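K.L.:
whatever this is, show me its structure:
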Amino acid sequence: MKPIHEKEYQKLFEEVKHEFLAGRITAIRAINREQIARYFSVGQKIIERQEQYGWGKSIVERLASDLQKQFPNDSGFSTRNLWNMRRFYEQYSAHPNLQQLVAEIPWGHNLLIMSKANSIEEAEFYIKQTTLNGWSRNVLLNFIKADTYNASLVEKKQHNFAVTLPEHLAEQAEETIRSEYSLDFLGITKPVKERELENKMIENIRDVLLALGYGFAYMGNQYKIKLGRNEYFIDLLFYHRHLQCMVAVELKAGKFEPSHAAQLNYYLEVLDDTVKQPHENPSIGILLCAEKDNLEVEYALRISNKPIGVAEYSLTKKLPKNLKKVLPEANEIRKLLK
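P.N.:
Next comes the predicted model:
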């Protein structure tokens with residue numbers, strides 16, 4: 001019998017561990033889907049019986065009381081929760097496209113969205129964002145308070161994702177980027193060079209990740225990629241857990257120029273050929289510049305065959321009103337993280 005090779009054993013251990021963890025997550029999601037389906041069905045039965053027999057509010061109270069007696073060790077049978085089930089069916093019964101989506105998020109998230117959303121379109125927005133970003137209930141509440149939905153309606157994002165990525169991935173990528181990023185937490189009060197801006201961002205990487213949004217993981221700055229004997233350096237490289245791809249960020253201290261998009265397009269080509277793993281999605285590029293002309297950006301992106309988004313950054317303490325709606329206050333997020 002051969003001796004156990006420690007490195008190979010650790011690899012086996014990690015693979016088996018992930019199998020069990022993945023199994024648990026799958027089981028939890030299946031249980032949640034089943035619970036949401038039951039609540040939807042109960043709400044339907046209550047409404048149908050009330051309409052059929054002309055029953056009033058008292059039927060819900062009696063049903064809750066009898067269910068609590070029948071299932072004394074189970075929660076979820078309060079009068080209030082039965083009314084929530086009724087409202088749940090009432091809100092989504094005419095929207096079959098949302099019935100599958102609501103089953104992907106916990107009941108508490110659904111209740112929060114139902115109580116705060118002013119339209120079915122707004123509810124759909126927060127359901128999709130919660131599913132995409134894995135928001136906790138507190139984080140979801142924070143984004144609702146920031147009126148992220150209405151801000152998204154007026155936000156003009158510039159990218160070429162629709163023509164460079166598969167449809168499902170393009171939609172997710174579009175939701176990930178913003179038209180403007182506030183970097184006021186860097187404490188910069190005067191014009192700086194690109195490397196100074198980059199260094200400041202590295203010093204405040206946690207706040208940078210919060211500004212970028214949920215799902216971003218930092219991989220490095222001045223990230224070296226090689227093609228033959230030539231070396232190139234990406235300003236900032238991230239990995240997005242939900243998009244399952246690398247995100248290359250290039251910083252431009254001045255105004256956007258078409259050559260910036262061409263340069264980033266080239267970096268993404270090399271990155272995909274030399275660094276990207278087979279199971280990962282195509283890498284995405286984000287150009288952060290101090291100023292941009294929208295028409296110039298539009299034409300520059302037309303000739304790029306790699307997915308690129310162009311956004312402005314602001315260094316001022318006073319944020320534009322529309323951006324305040326998009327980004328929650330840093331102090332609020334820190335409190336939630338604690």
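K.L.:
tell me the contacts of the closest residue in space to Met246 that isn't next to it in sequence?
P.N.:
Spatial nearest neighbour of Met246, chain neighbours left out: Ser283 (4.3 Å); criterion: Cβ to Cβ, 6 or more residues apart in numbering. For every residue, glycine as well, the C-beta is placed using N, CA and C. Residues near Ser283 by Cβ atoms under 8 Å, 6 or more residues apart in numbering: Cys245, Met246, Val247, Ala248, Leu268, Leu271, Asp272, Lys276, Lys306, Pro307.
K.L.:
redo that, cut-off 6 Å
P.N.:
Cys245, Met246, Leu268, Leu271, Asp272 (Cβ atoms under 6 Å, 6 or more residues apart in numbering).
K.L.:
check which helix or strand covers Trp135.
P.N.:
Under the criterion of DSSP states H and E, Trp135 resides outside all helices and strands.
K.L.:
the residue positioned nearest the centre of the chain: what's it in contact with?
P.N.:
The centroid of the chain falls nearest to Asn133 when counting by Cα atoms, centre = their mean (3.0 Å). Neighbour list for Asn133: Tyr214, Gly215 [criterion: Cβ under 6 Å, 6+ apart].
K.L.:
what do you get for Phe40?
P.N.:
Tyr89.
K.L.:
which SSE is immediately downstream of whatever helix or strand it lives in?
P.N.:
Phe40 belongs to helix 6-53 when assigned by DSSP H and E. The element immediately downstream of helix 6-53 (helix or strand, assigned by DSSP H and E) is helix 58-70.
K.L.:
list the buried ones in the helix or strand that comes right after that following helix?
P.N.:
Remark: after helix 58-70, the chain's next helix or strand is helix 79-92, criterion DSSP H and E. By 16 or more other Cβ atoms under 10 Å, the buried positions in helix 79-92 come out as Thr79, Asn81, Leu82, Trp83, Asn84, Met85, Arg86, Phe88, Tyr89, Gln91, Tyr92.
K.L.:
distance between helix 79-92 and the chain's centre?
P.N.:
27 Å (Cα atoms, centre = their mean, to the nearest Å).
K.L.:
average model confidence for the helix or strand following that helix?
P.N.:
Past helix 79-92, further along toward the C-terminus, the next helix or strand under DSSP H and E is helix 96-102. Helix 96-102 carries an average pLDDT of 90.
K.L.:
send me helix 96-102 as PDB with only the CA atoms.
P.N.:
C-alpha atoms of helix 96-102 as PDB (Å, rounded to 0.1, in the frame of the first residue of the first chain):
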ATOM      1  CA  PRO A  96     -46.800  33.800 -13.700                       C
ATOM      2  CA  ASN A  97     -43.300  35.000 -14.700                       C
ATOM      3  CA  LEU A  98     -42.700  36.100 -11.100                       C
ATOM      4  CA  GLN A  99     -44.100  33.000  -9.400                       C
ATOM      5  CA  GLN A 100     -40.900  31.100 -10.000                       C
ATOM      6  CA  LEU A 101     -38.700  34.100  -9.100                       C
ATOM      7  CA  VAL A 102     -40.300  34.600  -5.700                       C
END
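K.L.:
confidence score at Gly309?
P.N.:
Value for Gly309, per-residue pLDDT: 93.
K.L.:
against His168, how distant is it?
P.N.:
Computed as Cβ to Cβ, to the nearest Å, the Gly309 to His168 distance reads 17 Å.
K.L.:
now Asn305
P.N.:
19 Å.
K.L.:
what about those two, which has more around it?
P.N.:
Taking neighbours as other Cβ atoms under 10 Å, Asn305 and His168 compare with Asn305 leading, 11 against 8.
K.L.:
so how far is the helix holding Phe40 off the chain centroid?
P.N.:
21 Å.
K.L.:
related to what we said a few turns ago, tell me which two of the buried residues of helix 79-92 sit farthest apart.
P.N.:
Using Cβ to Cβ, the buried residues of helix 79-92 reach their maximum pairwise distance at Thr79 and Tyr92, which is 21.2 Å.
K.L.:
quick one, grab the pLDDT at Leu243.
P.N.:
88.
K.L.:
quick one, what contacts it?
P.N.:
Neighbours of Leu243 in contact, by Cβ under 6 Å, 6+ apart: Gln172.
K.L.:
ok so it is a helix residue?
P.N.:
No - assignment of Leu243 by DSSP: H, G, I helix; E, B strand; the rest coil gives coil, placing it outside any helix.
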